[in-house]
Structure formats: C-alpha cells, structure tokens
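> prediction below, plus the sequence it came from.
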Amino acid sequence: PKHDQLGFLADMARRDSGWDKTAGAYSWNRERLFMSADQFLFRPLLNLWLTGQLLVFGYNFTLWQGLAVVLHLLVGCSLYRLLNAIRPGVSAAAGAGFFLLMLSNLPMVVWHNVSAYMIFCFLVLESLIRWLRVQRDSADEGSLRSCVFLLLLASFVFEAGVVFCLCFALMSALTSRSKYQFLLFLAPVMVY
C-alpha cells in the first residue's frame with residue numbers, strides 16, 4: 001500500500017505551487033510523472049487528503065503520524081459505535097479496544113503516508129451504522145441518504161468503496177421493503 005503514496009509524494013515534490021499540487025492530485029493516478037499511469041484507479045479524495053497533509057505539514061512526518069494516531073482513534077470509535085449498535089455491552093468495547101491495540105494495525109498508524117486507509121475505514125463503518133438504522137426503521141430517509149453519500153466518498157478514497165456499494169445494493173435488493181432502494185447504492189458506482 002505504500003508504493004502508490006510514496007510515488008505520489010515524489011511526484012508532488014516536483015510541483016511548485018500549492019495550486020499545481022492540488023490540481024495534479026485530482027487525477028494523479030492517470031497522470032503520474034514517475035510511474036506508469038493507471039487508468040482504472042481514480043482516487044481524488046485520497047490524493048487531495050495527501051496533498052492537504054503535504055501543504056499543511058510539509059515533509060514533517062511526525063505531524064503526519066500524529067494525525068494518523070488521531071484517525072486511528074476515530075476509526076476505533078466508529079467501530080465501537082457499530083459493534084454497540086449490533087450488540088450493546090462490554091463485547092462492543094472489547095472488540096473496539098482489541099482493534100485499537102492490534103499489532104497488525106500498526107503499519108497504518110506509523111507509516112506516515114497511508115493514513116488515508118483509515119479514512120476509508122471510517123467512511124465504511126459510518127455507512128454501516130446508518131445502514132443498520134435504515135434496517136431498523138425503513139422510513140429513516142436521512143440515514144439512507146447519508147449512507148449512500150458516505151459510500152460515494154469512500155469510493156473516491158479507494159476503489160474498494162465501489163465493491164461496498166455493490167454489496168449494499170445487493171443487501172438492499174434482498175432485504176428492503178422498497179423495490180428501488182438498491183438503485184440508490186448503484187448511484188455511486190455509476191458516478192465512479
């Protein structure tokens with residue numbers, strides 16, 4: 001996962017102004033300077049996130065890592081909220097605590113340039129929380145719209161968000177009382 005982001009940072013080092021960096025970030029995967037272009041990948045929010053960190057923190061990766069710790073804690077809180085919505089109690093806190101302390105998560109926190117994966121996880125977890133609300137109350141249109149919007153954002157952080165959209169569309173088709181709810185989850189796929 002580090003390779004693309006390191007290539008991104010190398011490309012951005014060759015760009016002079018903040019505007020040049022921001023404009024280049026939008027479709028960086030298709031216009032790489034150092035590596036061959038990848039027409040399938042379209043990660044504008046990931047690239048804008050990295051550009052924002054670069055413009056604010058420069059190459060002081062201690063600050064990048066500090067923000068990564070904050071994002072990791074945010075993902076842990078979202079995981080706790082999801083687990084608590086599924087099964088309230090100590091098991092939700094234990095599951096979220098286990099996630100926060102797992103050694104396998106360490107690279108996402110200490111590698112200075114991959115914190116955007118945590119943004120993706122946060123967006124997907126928050127969409128799942130809203131999905132559960134819709135399953136409990138099918139009239140909760142606000143949760144449904146925010147679920148779709150969060151999945152759209154996740155799709156522009158990593159292409160795996162598109163897979164989640166397809167999974168949500170399938171779950172909607174199988175479980176929803178509304179015949180057309182699944183079409184909402186296909187909208188981010190079409191936009192991508």
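Perfect, thanks for sending it.

> every contact and neighbour count from this point should use C-alpha atoms.
Noted.

> against which helices or strands is the lengthiest helix in the chain packed?
Assignment by DSSP state H gives helix 61-86 as the longest helix of the chain. For helix 61-86, the elements it packs on are helix 44-57, helix 90-101, helix 106-110, helix 116-136, judged by 3 or more C-alpha pairs under 8 Å, 6 or more residues apart in numbering; DSSP states H and E.

> show me what counts as buried in it.
Residues 61, 64-65, 67-69, 71-84 are the ones in helix 61-86 that count as buried (16 or more other C-alpha atoms under 10 Å).

> and the most centrally placed residue in the chain, what does it touch?
Nearest to the geometric centre of the chain sits Phe120, at 1.4 Å (C-alpha atoms, centre = their mean). Taking C-alpha atoms under 8 Å, 6 or more residues apart in numbering, we find Phe120 in contact with Ala154, Val157, Phe158, Gly161.

> so Gln65 is in contact with Leu106, correct?
No: using C-alpha atoms under 8 Å, Gln65 is not in contact with Leu106; the gap is 11.2 Å.

> re earlier: most packed of the helices and strands packed on helix 61-86?
Most buried of the helices and strands packed on helix 61-86 by mean neighbour count (mean count of other C-alpha atoms under 10 Å) is helix 116-136; its value is a mean of 21.

> tell me the first helix or strand C-terminal of that helix.
With elements assigned by DSSP states H and E, the helix or strand that comes after helix 116-136 is helix 141-155.

> list the buried residues of whichever helix or strand comes after that next one.
Downstream of helix 141-155, the first helix or strand assigned by DSSP H and E is helix 160-175. For helix 160-175, the neighbour count (16+ other C-alpha under 10 Å) marks Gly161, Val162, Phe164, Cys165, Leu166, Phe168, Ala169, Leu170, Ser172, Ala173 as buried.

> quick one: the fourth one and Leu151 touch, right?
Yes: in this structure, Cys165 sits in contact with Leu151. The criterion is C-alpha under 8 Å, and the distance is 6.4 Å.

> just the CA trace of stretch 130-144, in PDB.
The C-alpha atoms that make up stretch 130-144 are tabulated as PDB, following Å, rounded to 0.1, in the frame of the first residue of the first chain:
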ATOM      1  CA  ARG A 130     -26.500   4.200   9.000                       C
ATOM      2  CA  TRP A 131     -27.400   1.000   7.200                       C
ATOM      3  CA  LEU A 132     -28.400  -0.600  10.500                       C
ATOM      4  CA  ARG A 133     -30.600   2.400  11.300                       C
ATOM      5  CA  VAL A 134     -32.400   2.000   8.000                       C
ATOM      6  CA  GLN A 135     -32.800  -1.700   8.600                       C
ATOM      7  CA  ARG A 136     -34.500  -0.900  11.900                       C
ATOM      8  CA  ASP A 137     -36.600   2.000  10.600                       C
ATOM      9  CA  SER A 138     -37.200   1.900   6.800                       C
ATOM     10  CA  ALA A 139     -38.700   5.400   6.900                       C
ATOM     11  CA  ASP A 140     -35.300   6.900   8.100                       C
ATOM     12  CA  GLU A 141     -34.500   8.600   4.800                       C
ATOM     13  CA  GLY A 142     -31.800  10.800   6.300                       C
ATOM     14  CA  SER A 143     -29.800   7.800   7.400                       C
ATOM     15  CA  LEU A 144     -30.300   6.200   3.900                       C
END
